[in-house]
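In: Attaching a predicted model along with its sequence, questions to come.
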Amino acid sequence: MINEDLIIDISTLSEWLREKRPVTVLDVRPLEQRQEWAITGSVHADIYDKLKNGDQCAFDGVPLNVDQPIVTVCAAGKTSLIAAKLLKQKGYSVYSLRGGMKEWNFAFDTAEIVLHGIKIIQVRRSSKGVLSYIIGSNGEAIVIDAALDPQVYLDLAEVNGWSIKFVTDTHIHADYLSRTRELAEVSKATHLLISNAGVTYPFTPIKHGDMLSVGNAFIEVIYSPGHTLESTSFKLGEDAVLTGDTLFIDGVGRPDLKANTDEVIARAKLLYHSIQKLLSLTPDILVLPAHLATTVRLDGMLIAASLKSLKDKLQMLKLAEEEFVDYTRSRIPPTPPNYLTIATLNKQGSYEGYNSADLEAGANRCAIA
């Protein structure tokens, strides 16, 4: 029987980290699992096998601070509980993270910015560096790239006095299950997608140059293929552009998923021209991406950068087309786990019968840095 006094859930740990409370997050997974993805700011003890074998001396030589609580973490919350019990016997204030990294997959916080009276809320899934958005004005809102339970976005809309008018995705995601269709159903919002989205469920098509009206906000649709053939960006006046997986603040989107060699080259060229299209926007416009190449620190700080700063920072944005294609092809990261299954389910708009935590476990591998 599990001792609940030794258990902490993701919402409580998230709150502690946001509040910068003194806590040691101790990762006891095998090193290769930690290298794949980890909680930002956590420390590692390479004692997984010792814990599994019941070694009572597993923590001998592991430096730990007795003056602050310790939260142990493993893949699913079982080995971390063994670690917590052992540390408890040694006099530490300790908790095991319920559900481990699989559950931490859903940990999030938010950041906000108001631009000319239009509020943008960035919803940030920490472990995968996934960013979604709710933009609201004058009682209406649009949700872009819903990546969490629909209730998260419904609650944010309610707190701000918004009715969700539109929902959409910047592209068909391959690293997490989109919750956009679910959100459309429960909120009764209009489900928008670029006309060539290729999904098997009904939606309202949009095209390059369309203008979406949300309260007092006008959002322009910018077709920006390359990462995928249906990739789309959304521009809020001259203030901000939501670039999906086309342009990040630390890289660009990979052009190779679900593509053969010739298709990768063609898509890398599309990506180059889409990025040039974005680089032609006003220099001070704020770039709001759908991902980071790393995990997200739960600090409530907006993840964004001006277009000008990205031009100065990212050398790949200064390359000519052929150089850009060669560079992106040479920097493609390992293939994300389960990406074909996830992309297929997102095209179907349903993942009934699948465990989302199992499918989505693992690091974000969408970026070329």
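Out: It's in.
In: Quick check: pLDDT value at M1.
Out: Note on M1: pLDDT of 50.
In: Run a quick neighbour tally on A147.
Out: Number of residues near A147 (other Cβ atoms under 10 Å) recorded here: 25. Using the backbone N, CA and C atoms, a C-beta is placed for each residue, glycine as well.
In: Distance-wise, check it relative to R365.
Out: Using Cβ to Cβ, to the nearest Å, one gets 16 Å for the distance from A147 to R365.
In: what's the answer for I142, then?
Out: To R365, I142 is 28 Å away according to Cβ to Cβ.
In: for V241, same thing?
Out: To R365, V241 is 24 Å away according to Cβ to Cβ.
In: circling back to that earlier point, higher neighbour count, I142 and R365?
Out: Comparing I142 with R365 by neighbour count (other Cβ under 10 Å), the higher total belongs to I142, at 27 against 22.
In: Helix or strand: which one has that one?
Out: Taking DSSP states H and E as the definition, one finds I142 inside strand 140-144.
In: And K235, by the same measure?
Out: When elements are assigned from DSSP H and E, K235 belongs to strand 232-236.
In: for V241, same thing?
Out: Counting by DSSP H and E, the element that carries V241 is strand 240-244.
In: mean confidence for that strand?
Out: The average pLDDT for strand 240-244 rounds to 98.
In: Can you list the strands that that strand pairs with?
Out: strand 232-236 (antiparallel), strand 286-289 (parallel) (DSSP bridges).
In: domain assignment for this protein?
Out: 4-103, 107-368 (automatic domain parsing).
In: Deepest in the core, which of those domains is it.
Out: domain 107-368 (a mean of 19; mean count of other Cβ atoms under 10 Å).
In: R34 looks like it's in a strand, true?
Out: No - with DSSP: H, G, I helix; E, B strand; the rest coil as the criterion, R34 is helix rather than part of a strand.
In: if I look at it, how far off is L26?
Out: 11 Å.
In: what's the overlap in contacts for the two?
Out: Shared contacts of R34 and L26, defined by Cβ atoms under 8 Å, 6 or more residues apart in numbering, comprise H44.
In: quick one: average pLDDT of stretch 212-220?
Out: 98.
In: Check the separation of the first and last residues in it.
Out: One end of stretch 212-220 sits 6 Å from the other (Cα to Cα, to the nearest Å).
In: Which stretches in this structure count as helices?
Out: 10-18, 31-36, 48-52, 79-89, 100-104, 150-159, 180-187, 261-279, 307-313, 321-330, 339-348, 356-360 (DSSP state H).
In: for I249, what are its contacts?
Out: I249 is in contact with 287, 289, 292, 303-305, 310, counting by Cβ under 8 Å, 6+ apart.
In: one more time with 7 Å, if that's ok
Out: 287, 289, 303-305, 310 (Cβ atoms under 7 Å, 6 or more residues apart in numbering).
In: want to throw those residues into JSON lines with distance to F166?
Out: Formatted as JSON lines, the contacts of I249 follow (distance: Cβ to Cβ, whole Å):
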{"residue": "V287", "distance to F166": "21"}
{"residue": "P289", "distance to F166": "20"}
{"residue": "I303", "distance to F166": "23"}
{"residue": "A304", "distance to F166": "21"}
{"residue": "A305", "distance to F166": "26"}
{"residue": "L310", "distance to F166": "27"}
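In: Among those, which one sits closest to G215?
Out: A304 (21.2 Å; Cβ to Cβ).
In: Now do the contacts for that closest one.
Out: Counting by Cβ under 7 Å, 6+ apart, A304 makes contact with 249, 286-288.
In: Nearest residue to the middle of the chain?
Out: V130 (0.7 Å; Cα atoms, centre = their mean).
In: Identify the bridge partners of that one.
Out: R125, H291.
In: Also the one 5 residues further on?
Out: Note on I135: beta-bridge partners by DSSP bridges are I120, I142.
In: Do I have it right that it meets V214?
Out: Yes - between I135 and V214 there is a contact under Cβ atoms under 7 Å: 6.3 Å.
In: ok, Y95 - contacts?
Out: 6-8, 69, 71, 84.
In: Distance-wise, check the residue lying closest to L271 once chain neighbours are set aside relative to S96.
Out: Excluding the flanking residues, the one nearest L271 by Cβ to Cβ, 6 or more residues apart in numbering is G226, at 2.5 Å. According to Cβ to Cβ, G226 and S96 sit 43 Å apart.
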